[in-house]
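> need coordinates for the below:
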Amino acid sequence: MLSPARQSRTAIASLSNYIFSRQRTCRCTYSTKPPTSELPPPRLDYRTISENVTSKSLNALNRKTRLPNDAVASVARAYSEWKRISTELNAKRNARSAIGERVRRSADDAEREVALSEASKLKTEVKDLEATLDKAERQCLLSALALPNDTHPKTPFGPESAAVTLSSHGPNPLSSDPKRDHVALSEHFGLLDLKSASIVTGTSWYFLRNEAALLELALTNYAMSIAIDHGFTPVTTPDVVRSDIAVRCGFQPRDDADIPISHMYHVSPTHPSSPELVLSGTSEIPLAGMFANKVYSSLSLPLKVVGVGHAFRSEAGARSTDTRGLYRVHQFTKVELFAVTTDDTSEAMMEDMLVIQKSILEGLNLPFKVLDMPTEELGASAYRKYDVEAWMPGRGTWGEISSLSNCTDYQARRLHIRYRHQGSAVDSTPSRLPFAHTLNGTAAAIPRLIVALLENGAQFNEKGDVVALRLPQVLRPFWINNKARNFVQWNDQPT
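Numbers count the residues shown, from 1 in each chain. I've put the predicted structure just below:
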């Protein structure tokens with residue numbers, strides 16, 4: 001078995017191979033075919049990394065990033081070597097230009113021959129140095145790609161248990177009660193068909209039936225309406241994305257807080273030259289890719305979109321024994337908030353997006369709390385992350401129903417999302433323009449909201465038999481069938 005360091009180096013190498021070359025074919029993480037990248041290589045800040053080796057190393061350690069101990073130092077070494085080779089190459093190029101001038105001005109044949117010989121030698125040396133520089137640049141990228149984002153100074157330190165509760169909302173939580181288990185309730189009311197789904201597809205897949213199917217549609221439209229009211233532009237996203245885009249968004253080969261590429265469903269290509277495609281693990285990926293390789297005016301920012309799509313997770317249940325019913329599944333509908341901001345407004349945008357998330361959940365009348373997630377739960381891309389958990393009395397525990405991440409320029413550097421300050425020259429060099437900041441947050445993860453609504457909304461008679469399901473009034477305008485079965489009540493009705 002490979003050591004953790006060897007495993008990490010192998011993973012890092014696979015990260016860089018697919019993404020490095022400008023318009024060259026390259027290998028994608030955990031892939032056996034070479035897709036073509038449509039984007040230039042990431043523009044990572046090697047200088048800042050090299051000047052802050054100690055703090056960057058501590059940051060990676062605090063976030064439990066699976067890297068060799070000298071990962072950050074190796075970036076500094078590779079960058080130093082790249083600068084040395086670059087300086088030598090520039091000197092050789094200048095010398096070659098000077099010799100070319102000598103050849104053009106020389107009237108003496110012998111002197112001209114000597115100059116041509118020197119030029120030929122320098123041409124070979126320049127070519128060799130260019131190859132060496134390319135290798136050094138590749139090493140810089142290889143070493144730096146797997147480093148995580150910086151961490152907000154207020155982020156709690158430690159594992160998931162170190163999360164800090166920022167606020168609590170909604171009614172008082174009900175007592176834990178196995179009778180409120182959403183699977184049992186769904187079977188009683190005919191809302192969920194797991195057995196048929198296991199035959200059609202497999203475990204952790206499902207059919208929503210009757211009112212549950214209508215509930216998914218109502219929740220989706222309700223969440224979309226709240227986001228649109230807050231200035232977000234509606235988007236429907238593709239469920240299939242290039243694996244290149246997924247990795248640039250920070251979905252690296254690890255099995256911690258992020259969705260690793262190895263746990264995404266890969267789409268079989270129809271042609272050897274076809275790009276490597278995966279089923280998207282979250283709408284965040286296509287939404288981020290929508291802004292890739294573009295320069296925006298600072299006056300046009302922030303750009304705010306809300307996307308509805310499907311999330312696919314092949315690892316459902318891999319990290320938990322809690323795999324019953326709808327809580328952890330392979331596919332689910334998700335409404336996603338995404339924003340692109342200037343580098344000095346992303347923290348304010350994060351708080352604005354949290355207001356939207358709380359507004360959605362307060363309308364659903366669920367007991368929920370907002371958590372500031374600790375270092376080990378940030379994944380690769382998040383600078384700061386909030387999770388929202390709802391009380392699920394049938395499960396007897398709080399369950400994550402939403403998250404919100406400020407990724408600062410982590411994704412923008414990989415996807416080349418830049419902006420131009422007001423007053424900057426229109427033709428200013430794109431490479432000198434600042435990178436935007438990106439944020440993403442869940443407006444509605446439908447199956448888990450259904451779990452919370454069923455377990456909190458179940459109504460029982462004096463004998464303890466379930467007789468009704470009370471749903472929040474805010475969903476009623478989005479309910480397609482007004483002739484729902486009489487067990488559905490709206491929360492303005494008496495019990």
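
> can you give me the strands in the stretch 201-350 of the chain?
Shown for the stretch 201-350 of the chain, the strands assigned by DSSP state E, counting those that start in this stretch span residues 207-208, 233-236, 240-242, 266-267, 277-279, 294-297, 303-312, 331-341.

> show the average pLDDT along the last one.
This predicted structure assigns strand 331-341 an average pLDDT of 98.

> and that strand, what does it pack onto?
With contacts defined as 3 or more C-beta pairs under 8 Å, 6 or more residues apart in numbering; DSSP states H and E, the packing partners of strand 331-341 are helix 211-229, helix 284-290, strand 303-312, helix 346-363, strand 437-445, helix 446-457. To be clear about C-beta, it is placed using only N, CA and C from the backbone, and glycine gets the same treatment.

> quick one, that strand and helix 346-363 angle?
Going by axes from the mean of the first three to the mean of the last three C-alpha atoms, to 10 degrees, strand 331-341 is angled at 140 degrees with respect to helix 346-363.

> tell me which of the helices and strands packed on strand 331-341 sits nearest to residue 158.
Smallest distance to residue 158 across the helices and strands packed on strand 331-341 (C-beta to C-beta): 21.4 Å, for helix 346-363.

> packing partners for that closest one?
In this structure, helix 346-363 makes packing contacts with strand 164-169, helix 211-229, strand 331-341, strand 368-372, strand 384-392, strand 397-406, strand 437-445, judged by 3+ C-beta pairs under 8 Å, 6+ apart.

> can I get these in a markdown table with mean neighbour count and distance to residue 355?
Below are the helices and strands packed on helix 346-363 laid out as a markdown table (neighbours: other C-beta atoms under 10 Å; distance: least, C-beta to C-beta, whole Å):
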| stretch | mean neighbour count | distance to residue 355 |
| --- | --- | --- |
| strand 164-169 | 12 | 11 |
| helix 211-229 | 20 | 10 |
| strand 331-341 | 24 | 11 |
| strand 368-372 | 20 | 11 |
| strand 384-392 | 24 | 12 |
| strand 397-406 | 21 | 11 |
| strand 437-445 | 27 | 11 |
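
> which one of the ones you listed lies closest to residue 480?
helix 211-229 (5.5 Å).

> which residues are contacting that closest one?
Residues outside helix 211-229 that contact it (C-beta atoms under 8 Å, 6 or more residues apart in numbering): 186, 189, 191-192, 208, 234, 306, 308, 333, 335, 337, 356, 359-360, 363, 443-444, 446, 449-450, 453, 469, 471, 474-475, 478-481, 484-485, 488.

> centre of the chain to that helix, how far?
Chain-centre distance of helix 211-229: 23 Å, with C-alpha atoms, centre = their mean, to the nearest Å.

> same thing with stretch 480-490?
Here stretch 480-490 is found 37 Å from its chain centre; the criterion is C-alpha atoms, centre = their mean.

> give me the mean pLDDT for that stretch.
Per-residue pLDDT values over stretch 480-490 give a mean of 81.

> okay, now residue 160: neighbour count?
By the criterion of other C-beta atoms under 10 Å, residue 160 has 12 neighbours.

> now do it, the pLDDT please.
pLDDT, residue 160: 96.

> distance of the closest residue to it other than its chain neighbours from residue 287?
Leaving out its chain neighbours, the residue that sits closest to residue 160 by C-beta to C-beta, 6 or more residues apart in numbering is residue 377, at 5.3 Å. From residue 377 over to residue 287 the distance is 22 Å, taken as C-beta to C-beta, to the nearest Å.

> residue 104 too?
Distance, residue 104 to residue 287, by C-beta to C-beta: 55 Å.

> what's the answer for residue 379, then?
17 Å.

> do the same with residue 382
Taken as C-beta to C-beta, the span from residue 382 to residue 287 is 16 Å.

> spatially nearest residue to residue 416 (excluding sequence neighbours)?
residue 293 (4.6 Å).

> residue 65 now?
In this structure, residue 65 finds its nearest non-sequential neighbour in residue 148, 5.1 Å apart by C-beta to C-beta, 6+ apart.

> got the phi and psi for the one you found?
The phi and psi torsions at residue 148 (degrees, to the nearest 10) take the values phi -80, psi 170.

> equivalent analysis for residue 155, please.
Residue torsions, per degrees, to the nearest 10, at residue 155 are phi -70, psi 130.

> surely it meets residue 371?
No: the pair residue 155 / residue 371 is not scored as a contact, 11.4 Å apart, by C-beta atoms under 8 Å.

> for residue 149, give me its contacts.
Residues near residue 149 by C-beta under 8 Å, 6+ apart: 250, 378, 380, 381, 382, 383, 407, 408, 410.

> would you confirm that residue 237 contacts residue 284?
No: using C-beta under 8 Å, residue 237 is not in contact with residue 284; the gap is 9.3 Å.

> the two: who's more crowded?
When residue 237 and residue 284 are compared for neighbours, residue 284 comes out ahead with 31 against 23, by other C-beta under 10 Å.

> what pLDDT does the more buried one get?
You'll see residue 284 listed with a pLDDT of 96.

> which residue sits closest to it, ignoring its sequence neighbours?
Spatial nearest neighbour of residue 284, excluding adjacent residues (C-beta to C-beta, 6+ apart): residue 440 at 4.2 Å.

> check residue 336 too.
Closest to residue 336 by C-beta to C-beta, 6+ apart is residue 283, at 3.8 Å.

> for residue 394, see how far away the one you found is.
Residue 283 sits 28 Å away from residue 394, going by C-beta to C-beta.

> quick one: low-confidence parts of this protein?
Scanning the chain for pLDDT under 70 picks out 1-37, 101-103, 105-109, 111-112, 115, 252-262, 316-321, 424-431, 482-484, 493-495.

> let me see the domain layout of it.
With domains defined by the TED database, the chain comprises 46-146, 160-491.

> okay if I get the ones you listed as JSON lines plus distance to residue 40?
Converted to JSON lines, these look like this (distance: least, C-beta to C-beta, whole Å):
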{"stretch": "domain 46-146", "distance to residue 40": "12"}
{"stretch": "domain 160-491", "distance to residue 40": "6"}
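
> residues touching residue 265, list them.
Contacts for residue 265 were tallied using C-beta under 8 Å, 6+ apart; they are 278, 279, 312, 314.

> just among the residues you listed, which is most surrounded?
Most surrounded of the contacts of residue 265: other C-beta under 10 Å gives residue 278, at 28 neighbours.

> let me know the secondary structure of residue 394.
coil (DSSP: H, G, I helix; E, B strand; the rest coil).

> wait, what's in contact with it?
Contact analysis of residue 394 by C-beta under 8 Å, 6+ apart lists 177, 178, 179, 180, 181, 182, 184, 185, 451, 454, 455, 458.

> residue 364 now?
449, 452, 453, 472, 474, 475.

> now do the contacts for the second one.
Residue 452 makes contact with 364, 366, 390, 391, 392, 399, 401 under the criterion C-beta under 8 Å, 6+ apart.

> kindly recompute the last result at 10 Å.
Applying C-beta atoms under 10 Å, 6 or more residues apart in numbering, one finds that residue 452 lies in contact with 182, 327, 361, 364, 366-368, 389-395, 398-399, 401.

> excluding its backbone neighbours, what's nearest it?
Closest residue in space to residue 452, ignoring its immediate chain neighbours: residue 390 at 4.3 Å, by C-beta to C-beta, 6+ apart.

> the one you found against residue 454, yeah?
No: if you go by C-beta atoms under 10 Å, residue 390 and residue 454 don't touch, sitting 11.6 Å apart.

> overlap of the contact sets of residue 155 and residue 371?
164, 377, 385.

> tell me what the first one is bridged to.
Read that as residue 164. Going by DSSP bridges, residue 164 is paired in beta bridges with residue 372.
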